[in-house]
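Trainee: Generate a structure from the sequence data that follows.
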Amino acid sequence: MSKPDRILTLHPQGKKGVNILASRYDLIKNYILAKIDEHRDMSYADLDEMARKDLSETFDGKVGWYVVTVKLDLEARGIIERIPKSSPHRIRRTT
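Mentor: Below you'll find the model as predicted:
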């Protein structure tokens with residue numbers, strides 16, 4: 001039996017990433033990007049709240065932990081960014 005695919009996440013401040021299942025990473029990544037596309041930009045708190053509401057029943061894992069982990073990875077990869085001087089912090093696509 002082969003081991004499931006895993007992704008080593010990145011961190012925008014160069015901290016050590018974590019190894020997570022690619023299937024969970026992809027689900028959370030697609031959710032985050034879809035929500036940002038729908039709202040153009042959004043607060044992290046709103047994203048986290050929506051994800052917990054929408055995914056908690058079906059997601060195999062702690063939704064909040066995965067959202068912050070994948071969000072940081074997407075920042076590190078330059079796919080999304082924190083909007084400077086926003087409080088509470090807001091995120092948007094970089095392209």
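
Trainee: rest of the way, CA atoms for contacts and neighbours
Mentor: Noted.

Trainee: Leaving out the residues flanking it, which one is nearest to Q13?
Mentor: Sequence neighbours aside, A76 is the residue nearest to Q13 in space, at 7.7 Å (criterion: CA to CA, 6 or more residues apart in numbering).

Trainee: What residues of the strand or helix carrying E38 count as buried?
Mentor: Element membership for E38 (DSSP states H and E) is helix 22-39. Within helix 22-39, the residues that qualify as buried by neighbour count (16 or more other CA atoms under 10 Å) are R24, Y25, I28, K29, Y31, I32, L33, K35, I36.

Trainee: helices or strands next to that helix in the packing?
Mentor: Other helices and strands packing on helix 22-39, by 3 or more CA pairs under 8 Å, 6 or more residues apart in numbering; DSSP states H and E, are strand 6-8, helix 44-55, helix 63-76, strand 90-93.

Trainee: could these go into CSV alongside mean neighbour count and distance to V18?
Mentor: Formatted as CSV, these follow (neighbours: other CA atoms under 10 Å; distance: least, CA to CA, whole Å):
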stretch, mean neighbour count, distance to V18
strand 6-8, 14, 5
helix 44-55, 16, 19
helix 63-76, 20, 8
strand 90-93, 19, 22
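
Trainee: what would the ones you listed look like in JSON lines with distance to I20 and mean pLDDT?
Mentor: Output for those, formatted as JSON lines (distance: least, CA to CA, whole Å; pLDDT from 0 to 100):
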{"stretch": "strand 6-8", "distance to I20": "5", "mean pLDDT": "96"}
{"stretch": "helix 44-55", "distance to I20": "17", "mean pLDDT": "97"}
{"stretch": "helix 63-76", "distance to I20": "9", "mean pLDDT": "97"}
{"stretch": "strand 90-93", "distance to I20": "22", "mean pLDDT": "97"}
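
Trainee: Those: which one's closest to R82?
Mentor: Across the helices and strands packed on helix 22-39, R82 has its closest neighbour in strand 90-93 (4.5 Å, CA to CA).

Trainee: just to revisit the earlier point, can I get the helices and strands packed on helix 22-39 in a markdown table with distance to P84?
Mentor: As requested, the helices and strands packed on helix 22-39 are exported to a markdown table (distance: least, CA to CA, whole Å):
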| stretch | distance to P84 |
| --- | --- |
| strand 6-8 | 27 |
| helix 44-55 | 13 |
| helix 63-76 | 13 |
| strand 90-93 | 8 |
